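J.: need a 3D model of the sequence below.
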Amino acid sequence: MDILKQLQTEFSLKSWQVENTVALIDDGNTIPFIARYRKEATGSLDDQLLRELSDRLTYLRNLEEQKEKVIASITEQELMTDEILASIDAAKTMTELEDIYRPFRPKRKTRASVAKAKGLGGLADEIFEQNPNSPAPEELAEKYLSDEVETIEDALQGARDIIAEAVSDDPKGRKLLRYAIKKSGIINVKGAQEELGVYEMYKEYSEPVSKIARHRVLAINRGEKEDFLKVSVDYDKNLAVDMLVNLHKKNNSPCAEQVYEAIDDAYTRLIFPSIEREIRNELTDAANESSIKVFGENTRQLLMQPPVKGRVTIGLDPGYRTGCKVAVVDSTGKVLDTGVIYPAPPHKKIDEAKKIIKDFVKKYNVTLFAIGNGTASHETEEFAAETIKEIGGKIEYMVVSEAGASVYSASKLAAQEFPQFDVSLRSAVSIARRLQDPLAELVKIDPKAIGVGQYQHDSVNSVGVDLNTASPQLLSRVAGVSSAVAKNIVDFREKNGSFKSRTQLLEVSKLGPKAFEQCAGFLRVAESDNVFDNTAVHPESYKAAKSLLKLCSVSDEDIRQGNIAMLSAKMKIEGTSALAAQLGIGEPTLVDIVSELSKPGRDPRDELPKPMLRSDVMSIEDLKEGMQLKGTVRNVIDFGAFVDIGVHQDGLVHISQITNRYIKHPSEVLKVGDIVDVWVIGVDTKKNRISLTMKQPK
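T.: Next up, the predicted model:
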């Protein structure tokens, strides 16, 4: 297989784009670096496509490696033919390759292997050959009787077992049936218990394999795993057996009936259960991949939520019996004070709690409350809203997700960061900080706790990191920076004081030229005399950037003051292509340099919708049909979006209620963090369900 040509076809790219991208990946460059600083080489491919291409490259290389192993194994068995070799070369997937290798794979003990051990291989060959002039199969079987094969029927059964395995191992038959069952098979679901709870809709449910929605696949899988449901794939057995008969059976032979019985057995006992597992696994893999993709995009948006800057914040980690933990942090996230209040049952020491909070607000000039959304959150929210009213002034609050806060609080990292606090107080600090700067706080949490994985890296690199304030955890998410190097950067900073330039990074232990190349553009040094050090302009482009400024009569001070009109004007007069050629750089790099110099030190998150802060609280009982509300999109899924409208229970906007035009997926219109207008179309207080629409009622 020509892997580069395959990638070119699959991704609809030009040959040079694929060749350059693969070369960059093989040279150890990170995806964020390639996406941001090698646009000329890739044709400005974005990070998502680059990652998909990288994953596909790995798959195809693994496929080629597996082909070599299969060829070696079959050759070693002295069974290789030109036909088999050609079919291996033509295999496009691991499944196709597995089908080809199946007959040659060393098998554990099977009915066929037992029959062969008894010397019935020859009988199976004679019967399967289906010679029209052959004697009756019973007559053929007589010469195979022995101490181990005592009867004619024993001999014929053994021969059928061998034939059944041969039919099962035939890649043509498997491919034909796999396609047919995927196209026309039915997923059948039945209840396994009387009370099915959330799985009630699947009590008697069926849907074509080819049409079942991916979120339903995951739902029935969960129901099956929890023993509420029984799931199977159904396909017309007669049709399936007929397909195999057309491939293997010759009707004019006395042995045809024996072959038919073997084919029937092969399908029922060997082929269908195997293909059913394959199809279920494929449906699950596709559903998981889709779910991960949607979840990943949601998480990316979660990480990219705009920070709430310059405000002293109280973090509240709600609780019943153990009380609500309180942490006051300044605008930089530094902890100023902590405490515990008991505004919720069973204690309900509301007056005492109000006094503590009011004292904190007055002492530290607090203007923002961050409330965790866990146990006792609603009671704490009501308490906070009431206290804010009594205090007066411009104080607001927001309920924030505390996913992973408890995991972080009990971690070794949290213990190192706050050795003087117990676990619960660390959670309150984390809740306050994740409202102030979600990205900087969430990167401290084990990716498994909030499911962020690679998106931590993507988001950190997209935003950029302040080299003089970033924690080791934040630094370790920067392209090219390992955990060990991140620690060395912080150690260097503590020993030598703030970084004065990006080039000082080369003095950090274990941070060599390659790591510097990968990470430098994503690290900002606001204190540097070099204005480029506080932008995403890469050091390799400094010379061109300086030439550009000189050409446009723009000084470093002009850049700091935002007086850059001449840059854009020059690009318009000269033309992007001509100016780029004059500077000896590519057009995408020139465009990026001008964009960065227009906003040195900018945070791309500032351009996104601001978090919706509240000063009052509602409950689900306050909702009425037709009521218009503003809400924040909290989650985007295949069939709609969940919107926080401030009643401690997110409402669902079904995909059909998002817009009047047709959309395949809600993500075409919505993303996590969007502020949207919604109207209430249904409230079920017993089930705690709220139905919303984004289509304005007439």
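
J.: now do the same contact list for residue 145.
T.: 151-152, 155 (CB atoms under 8 Å, 6 or more residues apart in numbering). All C-beta spots, glycine's among them, are computed from the backbone N, C-alpha and C.

J.: in helices, which of the residues you listed appear?
T.: 152, 155 (DSSP state H).

J.: out of the contacts of residue 145, which are buried?
T.: The neighbour-count test (16 or more other CB atoms under 10 Å) applied to the contacts of residue 145 identifies 152, 155 as buried.

J.: any chance of the contacts of residue 145 in a markdown table, with distance to residue 110 and pLDDT too?
T.: A markdown table is the format used below for the contacts of residue 145 (distance: CB to CB, whole Å; pLDDT from 0 to 100):
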| residue | distance to residue 110 | pLDDT |
| --- | --- | --- |
| 151 | 21 | 95 |
| 152 | 22 | 95 |
| 155 | 18 | 96 |
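
J.: now the contacts of residue 145 as CSV including distance to residue 482?
T.: Shown next, in CSV, are those (distance: CB to CB, whole Å):
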residue, distance to residue 482
151, 70
152, 71
155, 66
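
J.: wait, which of the contacts of residue 145 is closest to residue 479?
T.: Using CB to CB, residue 155 is the member of the contacts of residue 145 that lies nearest residue 479, at 67.8 Å.

J.: and the closest residue to that closest one other than its chain neighbours, what's its pLDDT?
T.: Nearest residue to residue 155, sequence neighbours excluded (CB to CB, 6 or more residues apart in numbering): residue 141, at 3.9 Å. The model reports residue 141 with a pLDDT of 95.

J.: ok, residue 141 - contacts?
T.: With CB under 8 Å, 6+ apart, residue 141 has these contacts: 123, 152, 155-156, 159.

J.: same check on residue 77?
T.: Going by CB under 8 Å, 6+ apart, residue 77 touches residue 104.

J.: for the longest helix seen in the chain, packing partners?
T.: The helix that spans the most residues within the chain, counting by DSSP H, is helix 272-303. For helix 272-303, the packing partners by 3 or more CB pairs under 8 Å, 6 or more residues apart in numbering; DSSP states H and E come out as helix 171-184, helix 214-225, strand 229-234, helix 438-442, helix 454-463, strand 628-637.

J.: and the fifth one, average pLDDT?
T.: To tie it back to what came earlier, the one meant is helix 454-463. Helix 454-463 comes out at a mean pLDDT of 64.

J.: dump the contacts of residue 141 to CSV, plus distance to residue 132.
T.: Below are the contacts of residue 141 laid out as CSV (distance: CB to CB, whole Å):
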residue, distance to residue 132
123, 18
152, 22
155, 22
156, 19
159, 18
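
J.: is it true that residue 325 touches residue 340?
T.: Yes. Using CB atoms under 8 Å, residue 325 is in contact with residue 340, at 5.7 Å.

J.: more neighbours, the two?
T.: Higher neighbour count among residue 325 and residue 340: residue 325, with 26 against 17, using other CB atoms under 10 Å.

J.: next, give phi and psi for that one.
T.: Main-chain dihedrals, residue 325, degrees, to the nearest 10: phi -80, psi 140.

J.: report the beta-bridge partners for it.
T.: Per DSSP bridges, the residues bridged to residue 325 are residue 317, residue 340.

J.: can you tell me how far it is from residue 683?
T.: Here residue 325 is placed at a distance of 33 Å from residue 683 (CB to CB, to the nearest Å).

J.: go on, residue 650?
T.: For residue 650, the distance to residue 683 (CB to CB) stands at 13 Å.

J.: shared neighbours, those two?
T.: Jointly contacting residue 650 and residue 683 under the rule CB under 8 Å, 6+ apart are residue 690.

J.: quick check: neighbours shared by residue 325 and residue 340?
T.: Listed as contacting both residue 325 and residue 340 by CB under 8 Å, 6+ apart are residue 424.

J.: can I assume the residue nearest to residue 155 sits in a strand?
T.: No. According to DSSP: H, G, I helix; E, B strand; the rest coil, residue 141 belongs to no strand; its state is helix.

J.: what about it, distance to residue 263?
T.: Taking CB to CB, one finds residue 141 at 19 Å from residue 263.

J.: with residue 62 instead?
T.: Distance of residue 62 to residue 263, computed by CB to CB: 34 Å.

J.: of these two, who's got more company?
T.: residue 263 (26 against 11).

J.: the more buried one sits in which helix or strand?
T.: helix 256-265 (DSSP states H and E).

J.: and the contacts of that helix?
T.: 127-128, 130, 137, 156, 159-161, 163-164, 167, 241, 244-245, 248-250, 253.

J.: which stretches of this structure have low pLDDT?
T.: By pLDDT under 70, the low-scoring segments of the chain are 296, 404-406, 446-459, 601-617.

J.: residue 188 should be in a strand, yeah?
T.: Yes. With three-state DSSP as the criterion, residue 188 is assigned to a strand.

J.: my read: it touches residue 234, true?
T.: Yes. Contact criterion CB under 8 Å: residue 188 and residue 234 qualify, at 5.3 Å.

J.: so what sits against both of these two?
T.: Counting by CB under 8 Å, 6+ apart, the residues touching both residue 188 and residue 234 are residue 206.

J.: related to what we said a few turns ago, deepest of the helices and strands packed on helix 272-303, which one?
T.: Among the helices and strands packed on helix 272-303, helix 438-442 has the highest mean neighbour count (mean count of other CB atoms under 10 Å), at a mean of 25.

J.: check which helices and strands that one sits against.
T.: With 3+ CB pairs under 8 Å, 6+ apart as the test, helix 438-442 has helix 272-303, helix 423-436, helix 454-463 packed against it.

J.: okay if I get those as JSON lines plus distance to residue 665?
T.: Listed next are those as JSON lines, based on distance: least, CB to CB, whole Å:
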{"stretch": "helix 272-303", "distance to residue 665": "8"}
{"stretch": "helix 423-436", "distance to residue 665": "28"}
{"stretch": "helix 454-463", "distance to residue 665": "18"}
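
J.: among those, show me which one is buried the most.
T.: helix 423-436 (a mean of 26).

J.: got phi/psi on residue 401?
T.: phi -70, psi 130.

J.: I should have written residue 205 there, sorry.
T.: Backbone geometry at residue 205, expressed as degrees, to the nearest 10, gives phi -140, psi 140.

J.: can you get me a residue count around the residue nearest to it when sequence neighbours are not counted?
T.: Leaving out its chain neighbours, the residue that sits closest to residue 205 by CB to CB, 6+ apart is residue 189, at 4.2 Å. Using other CB under 10 Å, residue 189 has 23 neighbouring residues.

J.: now for residue 189: which residues touch it?
T.: 202, 204-206, 220, 223, 229-231.

J.: ok, now with 7 Å
T.: 202, 205-206, 220, 229, 231 (CB atoms under 7 Å, 6 or more residues apart in numbering).

J.: and of those, the nearest to residue 43?
T.: Distances from residue 43 to these, taken by CB to CB, are shortest for residue 220, at 42.2 Å.

J.: what's the most distant pair in the contacts of residue 189?
T.: Spatial extent of these (CB to CB) is set by the pair 206 and 229 at 12.4 Å.

J.: before we move on, the earlier item: who wins for proximity to residue 690 among the helices and strands packed on helix 438-442?
T.: Checking the helices and strands packed on helix 438-442 against residue 690 by CB to CB gives helix 272-303 as the closest, at 19.5 Å.

J.: next, the angle from the closest one to strand 628-637.
T.: Helix 272-303 runs at 140 degrees relative to strand 628-637, counting by axes from the mean of the first three to the mean of the last three CA atoms, to 10 degrees.

J.: all strands of the stretch 301-450 of the chain, in order?
T.: 313-317, 324-329, 335-341, 368-372, 396-400 (DSSP state E, counting those that start in this stretch).

J.: before we move on, what about the stretch 51-200 of the chain?
T.: 186-191.
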